[in-house]
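Engineer: Structure of the sequence below:
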Amino acid sequence: MSILSKSAIAKGDGSFVIDTVQVSEPQEEEVLVKMKAAGLCHTDYDSLSWGKPIVMGHEGAGVVVSTGKNIREFQEGDQVILNWATPCMECFQCQEGNQHICERNSPVSAGENGPTPGHAHLEGTRWNGRPIERSFNLGTLSEYVLVKKAALVKISEEDLNFSAASIISCGVMTGFGSVVNAAKVSSGSSVVVLGCGGVGLNVIQGARISGAAKIIAVDINPEKLQLALQFGATETVLASQSDTGLIQASELVKQKCGGRGADYAFECTAIPALGAAPLAMIRNAGTAVQVSGIEEDITIDMRLFEWDKLYINPLYGKCRPQIDFPKLMALYKKGDLLLDEMITREYPLNDLQKGFDDMLQGKNAKGVVVF
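Structural biologist: Below is the predicted model:
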């Protein structure tokens, strides 16, 4: 029997509707999950304009309702975090340890060898009698979701805070993982973070937990800089919108780092014109990290690469979900990783538009839809 599920559905024309979809029973390798909370992200807003109907949402946490045949890893009542970059564990990249860029399942990295966002068991979810895709094979802005078992990570923590757990699988993982898994920030080092939104705050947290001695937050918004201090920044630089490439800000950063620049710099603004900005912030032989996923042509002054500077562009913090999600939850439980403090506001699904409005106006570090 199918289940009726209230869902947020992007219509493909820039608008969305809250309506009911039919979710079928899980087939082999599938699990039916009752959602408890779903984080809101700019990507969810972008999905309004993907040109096709789609069940929205790509981060969240919930409880297993039922499983397909022969699934032993999950059972009814298990608490799970959903992971949008589902690994197959068999392709070349998964075997190399790069589960976040799985050649079979990744909706953003596989290119010609993989699907576009949403491809999955299409018959499993239907809207108005027709199959409908689910954002990143998940569609977490829905009361119930049908997903592959490989998209789930079981969390055994008692009295799990589902709102906190729901934001792990995108911005938290991207920011933290870019520091720990990709850049491998060392204890006692200096770090500069450009942009103090949700991802930037988690870069700051990753740097603090890694033992960075100096963490400099850069933003044009004084309120975001105050928030950065709460999450672990040791110093701040208030930048100007007229500062092209943040060159003036880079001079202030260098002054704070003994005149030579920081050991590491992370770009978290998603502004194409600032794609090269972290190169201006680091010392010779330092590491610049482009975290926000800029996918546009930009012009770079190659002198910014002098000398021996590294520039890396990791996806999703090089996430290994079965390893990283439990680690992040353990850090949260210990009090090192601040998640509750990041959630500015919770919304019922019917108030999704308000959640988007608050996000776009910069009111939230993170908004969460609760079911």
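
Engineer: Can you name the element that comes right after the top helix by length along the chain?
Structural biologist: In terms of residue count, the longest helix belonging to the chain (DSSP state H) is helix 321-334. Next along the chain after helix 321-334, taking DSSP states H and E as the criterion, comes strand 345-347.

Engineer: May I have the secondary structure class of residue 185?
Structural biologist: Under DSSP: H, G, I helix; E, B strand; the rest coil, the three-state class of residue 185 is coil.

Engineer: does it really touch residue 209, like I thought?
Structural biologist: No - counting by Cβ atoms under 8 Å, residue 185 does not reach residue 209; the two are 9.4 Å apart. (Each C-beta comes from the backbone N, C-alpha and C, glycine too.)

Engineer: between the two, which one's more packed in?
Structural biologist: Using other Cβ atoms under 10 Å, the more surrounded residue of residue 185 and residue 209 is residue 185, with 26 against 17.

Engineer: Which stretches in the stretch 251-371 of the chain count as strands?
Structural biologist: With DSSP state E, counting those that start in this stretch, the ranges of strands along the stretch 251-371 of the chain come out as 262-267, 282-290, 310-312, 345-347, 367-370.

Engineer: tell me which residues of the fourth one are tucked away?
Structural biologist: Within strand 345-347, the residues that qualify as buried are 345, 347, counting by 16 or more other Cβ atoms under 10 Å.

Engineer: likewise the last one?
Structural biologist: Of all the residues in strand 367-370, those buried under the rule 16+ other Cβ under 10 Å are 367-369.

Engineer: and which of these is nearest residue 347?
Structural biologist: residue 369 (5.3 Å; Cβ to Cβ).

Engineer: ok, now which ones touch that closest one?
Structural biologist: Shown in contact with residue 369 (Cβ atoms under 8 Å, 6 or more residues apart in numbering): 37-40, 57, 141, 346-349, 352, 355.

Engineer: which one is it nearest to, not counting chain neighbours?
Structural biologist: residue 38 (4.7 Å; Cβ to Cβ, 6 or more residues apart in numbering).

Engineer: With residue 98 instead?
Structural biologist: In space, residue 98 is closest to residue 318, 7.1 Å off (Cβ to Cβ, 6+ apart).

Engineer: so who does that neighbour touch?
Structural biologist: Contact analysis of residue 318 by Cβ under 8 Å, 6+ apart lists 98, 100, 177-178, 181-182.

Engineer: Buried only: go through those for me.
Structural biologist: 98, 100, 177-178, 181-182.

Engineer: Adding distance to residue 167, pLDDT and secondary structure, write these out as CSV.
Structural biologist: Putting the buried ones among the contacts of residue 318 into CSV (distance: Cβ to Cβ, whole Å; pLDDT from 0 to 100; DSSP: H, G, I helix; E, B strand; the rest coil) gives the following:
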residue, distance to residue 167, pLDDT, secondary structure
98, 23, 92, coil
100, 17, 91, helix
177, 14, 97, helix
178, 16, 98, helix
181, 18, 97, helix
182, 20, 97, helix
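
Engineer: Just list the residues touching residue 274, thanks.
Structural biologist: Contacts of residue 274 (Cβ under 8 Å, 6+ apart): 194-195, 245-246, 267.

Engineer: which pair in these spans the largest distance?
Structural biologist: Using Cβ to Cβ, the two most remote members of those are 195 and 245, lying 14.0 Å apart.

Engineer: More neighbours: which of the two?
Structural biologist: Legend: neighbour count by other Cβ under 10 Å for residue 195 and residue 245, higher for residue 195 (27 against 17).

Engineer: right, and the more buried one touches residue 265 too?
Structural biologist: No - contact criterion Cβ under 8 Å: residue 195 and residue 265 do not qualify, at 11.2 Å.

Engineer: Grab the most central residue of this protein for me.
Structural biologist: Most central in the chain under Cα atoms, centre = their mean is residue 170, positioned 2.0 Å from the mean C-alpha point.

Engineer: Neighbours of the nearest residue to residue 362 once chain neighbours are set aside, how many?
Structural biologist: Taking Cβ to Cβ, 6+ apart as the measure, residue 362 lies nearest to residue 221, with 6.9 Å between them; neighbours along the chain are not counted. By other Cβ under 10 Å, the residues close to residue 221 number 15.

Engineer: Against residue 300, how distant is residue 221?
Structural biologist: 26 Å (Cβ to Cβ, to the nearest Å).

Engineer: next one: residue 211
Structural biologist: Distance of residue 211 to residue 300, given as Cβ to Cβ: 31 Å.

Engineer: name the element the closest residue to residue 325 other than its chain neighbours belongs to?
Structural biologist: Closest residue to residue 325 apart from its sequence neighbours, by Cβ to Cβ, 6+ apart: residue 153 at 4.4 Å. Using DSSP H and E, the element containing residue 153 is strand 152-154.

Engineer: Give me the mean pLDDT for that strand.
Structural biologist: For strand 152-154, mean pLDDT rounds to 96.

Engineer: after it, next one along is what?
Structural biologist: helix 162-166.

Engineer: what packs against that following helix?
Structural biologist: Applying 3 or more Cβ pairs under 8 Å, 6 or more residues apart in numbering; DSSP states H and E, we find helix 162-166 packed against strand 30-39, strand 60-67, strand 79-82, strand 367-370.

Engineer: These into a markdown table, with extra columns for distance to residue 234?
Structural biologist: Shown next, in a markdown table, are the helices and strands packed on helix 162-166 (distance: least, Cβ to Cβ, whole Å):
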| stretch | distance to residue 234 |
| --- | --- |
| strand 30-39 | 27 |
| strand 60-67 | 32 |
| strand 79-82 | 31 |
| strand 367-370 | 28 |
